[in-house]
Each structure stands twice: as structure tokens, then as C-alpha cells.
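Visitor: okay, here's the prediction I keep looking at, along with the sequence it came from:
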Amino acid sequence: MESKSQSYTKSQIDFINKKLRAAARMATRTEREILSLFTEDEINMVKETWGGSESSNGMSFKDRLRYQVVAVIPDEIQVTKWNVNRRELLQKIAGLTEYQAFTLIRLSIQLKTG
């Protein structure tokens, strides 16, 4: 097969860079939203439950978060270990967009390894 190299014009590169900067700003804004909405204990609980989870089998991030909160961690541990109210946490998750749910998971993982 013949390899063709693609060259871009300056205006195309500028357009791509502009879109990348906008995406980075959106990601930063979403991270701030998540950090202001969820307590440190709630994020730590997501971190711990997500760390041992298996593949999603096609579940959305938001649905998977709900499942993890309900099925993985018993209510009494949520209260005693993390001081997390399950109902309040589920309401917060229900109000998230898929991108915000993904961001919550990503932030919790970064806190785990960072």
C-alpha cells in the first residue's frame, strides 16, 4: 500500500488548535463542577468502588456509577467509612450528564494514582 502524507494549511491547524483549547477549557470547567458538587468522601468512595470493577458490558458511565453505589458497597459501610448518604449520592449522580459522570470517575482514578 502506498502511504500518502497529509499536509494541513495554517488555517486548518489554527482551527484544530482552537477546538482543542475549547475542549481543554470545557474539561477544566467540568472538573471544577464535579469537585464543587461531590464531597471528598463521595469521590473517595467512587474511587474505591471503581478500582475493583469489571468491564461495563455496554453500561453508560452514569448507570455504572449508580450500580456501583447500590450493588457494591453496603449502606452501613458508606455511612461509617465515608460518611456518605446513599440517597443523596444517587441524586447527585442522577443529575449528571454522561460527560460529568465520566469526569467524576476519571477524577477519582487520578486521585487514586496521583
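Guide: That came through, no problem. Residues are numbered from 1 along each chain as shown.
Visitor: low pLDDT regions in the protein?
Guide: For the chain, applying pLDDT under 70 flags the ranges 1-5, 51-56, 78-79, 112-114.
Visitor: give the buried residues for the top helix by length along it.
Guide: Counting by DSSP state H, the longest helix found in the chain is helix 10-37. Within helix 10-37, the residues scored as buried using 16 or more other Cβ atoms under 10 Å are 30, 31, 34. Placement of C-beta: from N, CA and C, glycine included.
Visitor: nearest to residue 40 among those residues?
Guide: residue 34 (11.8 Å; Cβ to Cβ).
Visitor: what's the end-to-end length of stretch 91-105?
Guide: Stretch 91-105 stretches 16 Å from its first residue to its last (Cα to Cα, to the nearest Å).
Visitor: what does it contact?
Guide: Stretch 91-105 is contacted from outside by 27, 30-31, 33-34, 37-38, 42-43, 46, 50, 60-62, 65-66, 69, using Cβ atoms under 8 Å, 6 or more residues apart in numbering.
Visitor: mind redoing it with 7 Å?
Guide: Stretch 91-105 has contacts (Cβ atoms under 7 Å, 6 or more residues apart in numbering) with 30-31, 33-34, 37-38, 46, 50, 60-62, 65-66, 69.
Visitor: do stretch 29-41 as well
Guide: So stretch 29-41 is contacted by 82, 83, 84, 92, 99, 100, 103, 104, 107 (Cβ under 7 Å, 6+ apart).
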